[in-house]
Structures are given as structure tokens and as C-alpha cells.
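Asks: The sequence and its predicted three-dimensional model are supplied below.
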Amino acid sequence: MKWQQAITDYNHYLQIERGLSKNSIVNYSYDIKKLISYLETHDIKKDPLTIDHTIIKDFIYSVSKSINVRSQARLISGLRNFFDYLIFENYRTTNPLDLIESPRLGRKLPDTLSVKDIDHLINAIDLSYQYNGVNLGERNRAVVETLYSCGLRVSELIELKISDLFFEEGFIKVTGKGDKQRFVPIGLSTQNYINHWLAIRNHISVQPHSKDVVFLNFKGKKLTRAMIFTIIKQLVEKSGINKTVSPHTFRHSFATHLLENGADLRAIQMMLGHESITTTEIYMHVDRSHLSEVLNKFHPRQ
């Protein structure tokens with residue numbers, strides 16, 4: 001069918017023209033699949049090439065009952081991009097989302113951990129923990145230290161390669177969103193934790209497709225996102241920290257602690273791999289008390 005070919009072409013466009021990551025493409029595709037499923041479930045004899053404003057509006061209203069405001073905004077944005085592409089490629093002439101507004105979003109400040117919290121979490125790691133003869137305690141410490149010390153996204157962590165480690169130069173090469181690469185400084189202590197794990201990793205029977213991957217499970221396979229979330233969740237419960245903590249919390253904490261200690265916002269942007277500095281500027285709002293201290297200390301009229 002012509003509309004199915006249009007979706008295939010769109011996925012190729014996202015990958016080749018826009019250079020989006022696999023995760024981003026999956027999310028865009030999921031939005032379209034939701035729409036197709038809605039049309040089929042309600043026996044609507046339309047497809048993405050012929051759908052109109054009224055049907056899209058009913059679809060969004062239906063979906064909005066089960067998702068939060070941010071997910072609604074992402075869904076509307078994703079579908080709007082899809083229909084813009086269809087217009088550009090002459091699959092259709094109008095965008096049925098032109099008259100649909102996205103819900104207003106307040107700026108959500110990121111959750112952060114204190115340095116004391118980080119210490120509690122790391123101290124809660126059982127370095128003697130083994131499974132099937134593999135010491136996973138050392139691996140877990142290296143995982144947490146790398147997340148926090150380098151400010152990585154969880155996808156960047158699980159994709160980190162041994163060939164990306166340039167310890168002599170004090171950097172690691174990170175592949176971020178849209179397969180964009182950046183070099184991130186890495187401290188000596190974190191290098192040591194990774195080296196301890198690599199010494200253990202050398203004794204694991206590694207699966208062929210994971211030969212160059214740093215962090216593995218006991219079967220010699222690349223860790224999954226879900227496994228990283230599980231490791232963090234167990235550490236939070238064990239340490240007794242009463243906060244909602246995810247792998248991304250360490251990235252927020254990395255940026256916040258750097259800013260609090262006087263790091264330049266542009267440098268933080270480069271280390272985080274943010275496309276725009278406006279994304280990084282959210283950390284300026286995290287600790288207003290610290291900003292007041294900076295003003296009082298450095299402004300000549302204070």
C-alpha cells in the first residue's frame with residue numbers, strides 16, 4: 001500500500017537525512033503505529049495519506065486519557081513532523097495537526113543527588129558480589145562511577161567501547177544522540193574502576209557482537225538499559241535514599257555539581273553533548289541559593 005511505503009520512506013529519512021538515533025526512530029514509529037492501530041480498532045476507512053483533522057483530534061483525545069501531558073506533547077510533535085514530511089514528499093497536501101495545539105509544559109527542573117547521596121550509593125555496592133563466578137560488584141561500581149563522573153546518558157554507557165577509551169589522554173569517546181560523537185574527560189579514579197572491571201572482563205567468554213563493549217553481563221553480552229535501571233534501583237533501596245533515582249539522575253547531578261563548583265556553562269554543554277546551550281541552561285535554575293552566593297562573592301557592588 002502507498003501509505004506503508006510512505007512510512008518506510010519516513011523512517012529512512014529520519015535515519016539518513018536527520019541522523020537520528022535508533023531510539024528516536026523507534027519512538028517516532030511508535031507514534032505512527034498508535035495512530036494506525038486507532039484507525040483499525042475504530043474501523044475507520046482512512047490511512048495516514050487521507051486522514052483529516054477531525055479524526056486526528058479524536059485520536060489525540062482518546063490517547064490523552066492514558067498518558068501524561070509531556071507524552072501528549074511529544075506525540076503531537078512527532079505526528080506533526082510526520083505529516084510535514086508527507087507534504088514535502090507530495091504524499092498529501094495538508095497537515096491535519098495544523099490546528100491542534102500542544103499542551104503547555106512548565107519547565108521541569110531535573111532531580112539531582114547531593115555529593116553525600118552519591119557517596120552513600122557507591123558505598124552500598126557490594127564489591128564482592130559474584131554471579132556464576134563473575135565479580136559483578138566491580139562492574140556495578142564502574143557503571144555508577146562512569147555515569148556520574150562523565151555525565152553519560154544510559155544509552156551512551158551501554159554502547160561504550162573499549163576502543164573508545166583514551167585513558168592516556170584522559171578522555172573517552174562517546175556516541176550520543178543522532179550518532180554524534182564527542183570527547184568527554186575522565187578522571188583517574190574512574191579510569192581505575194573501569195580498569196578493575198576490564199581485568200575481570202578478560203576472564204569472561206564474550207559474545208562475538210560484544211567483543212568491544214565495555215560493560216557486559218555474566219553471559220558476555222552487552223548490558224541492557226533495563227539492567228542499568230535495575231542496578232540503580234537496588235542500590236537506592238539498599239542505601240536508604242528517599243528519592244526517585246534513575247540513571248539520568250547521575251547525569252543531572254554531574255552537570256549540577258560542576259556548575260555549583262564554578263564550571264563554565266559552555267564547557268558543561270560540550271561534555272553533555274547538548275545541541276543547544278538553552279538545554280544546558282536548565283541547570284542554572286537548579287540551585288538558586290548557590291547562584292546567590294556567587295553574586296554576593298563576586299559582584300563588585302555586593
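Replies: Happy to help now that I have it. Residues are numbered from 1 along each chain as shown.

Asks: how about the strands in the stretch 151-300 of the chain?
Replies: Ranges of strands within the stretch 151-300 of the chain are 165-166, 171-175, 181-185, based on DSSP state E, counting those that start in this stretch.

Asks: Save the ones you listed as JSON lines, and put in distance to residue 145 and mean pLDDT too.
Replies: Every C-beta, even on glycine, is put in place using the N, C-alpha and C of the backbone. Compiled in JSON lines, the strands of the stretch 151-300 of the chain are given as follows (distance: least, Cβ to Cβ, whole Å; pLDDT from 0 to 100):
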{"stretch": "strand 165-166", "distance to residue 145": "14", "mean pLDDT": "96"}
{"stretch": "strand 171-175", "distance to residue 145": "12", "mean pLDDT": "93"}
{"stretch": "strand 181-185", "distance to residue 145": "13", "mean pLDDT": "92"}
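
Asks: among those strands, which is the most enclosed?
Replies: Greatest average neighbour count among these goes to strand 171-175 (a mean of 19), per mean count of other Cβ atoms under 10 Å.

Asks: Provide the contact partners of it at residue level.
Replies: 150, 152, 156, 159-161, 164-166, 181-186, 273 (Cβ atoms under 8 Å, 6 or more residues apart in numbering).

Asks: Strand partners (parallel or antiparallel) of that strand?
Replies: Strand 171-175 has the following sheet partners, assigned by DSSP bridges: strand 165-166 (antiparallel), strand 181-185 (antiparallel).

Asks: got those strands as CSV, with distance to residue 136 columns?
Replies: CSV is the format used below for those (distance: least, Cβ to Cβ, whole Å):
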stretch, distance to residue 136
strand 165-166, 20
strand 181-185, 25
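
Asks: Of those strands, which is nearest residue 240?
Replies: Closest to residue 240 of those is strand 181-185 (Cβ to Cβ; 30.8 Å).

Asks: How far does that closest one sit from its chain's centre?
Replies: Averaging C-alpha positions (Cα atoms, centre = their mean, to the nearest Å) puts strand 181-185 16 Å from its chain's average.

Asks: what do you get for stretch 1-16?
Replies: With Cα atoms, centre = their mean as the basis, stretch 1-16 stands 25 Å off its chain's centre.

Asks: neighbouring contacts of that stretch?
Replies: 20, 24-25, 28-29, 32, 47-49, 82, 85-86, 89, 91.

Asks: The same query, at a cut-off of 10 Å, please.
Replies: With contact meaning Cβ atoms under 10 Å, 6 or more residues apart in numbering, stretch 1-16 is reached by 20-22, 24-26, 28-29, 32-33, 36, 46-51, 81-83, 85-86, 88-89, 91-92, 178-179.

Asks: How about stretch 200-208?
Replies: 130, 132-139, 142, 162, 194, 210, 212-222.

Asks: Please repeat the previous calculation with a cut-off of 6 Å.
Replies: Stretch 200-208 has contacts (Cβ atoms under 6 Å, 6 or more residues apart in numbering) with 134, 135, 138, 220, 221.

Asks: Could you list the low-confidence segments of this structure?
Replies: 104-110, 277-302 (pLDDT under 70).

Asks: domain parsing for it?
Replies: Listed domain ranges for the chain are 2-88, 115-290 (source: automatic domain parsing).

Asks: what's the closest of those domains to residue 103?
Replies: Closest to residue 103 of the domains of the chain is domain 2-88 (Cβ to Cβ; 4.8 Å).

Asks: Show the end-to-end separation of that closest one, please.
Replies: Distance across domain 2-88, first residue to last, is 16 Å (Cα to Cα, to the nearest Å).

Asks: mind listing what the residue nearest to residue 193 when sequence neighbours are not counted touches?
Replies: Residue nearest to residue 193 in three dimensions, not counting chain neighbours: residue 142, with 4.4 Å by Cβ to Cβ, 6 or more residues apart in numbering. Residues in contact with residue 142 (Cβ under 6 Å, 6+ apart) are 193, 194, 197.
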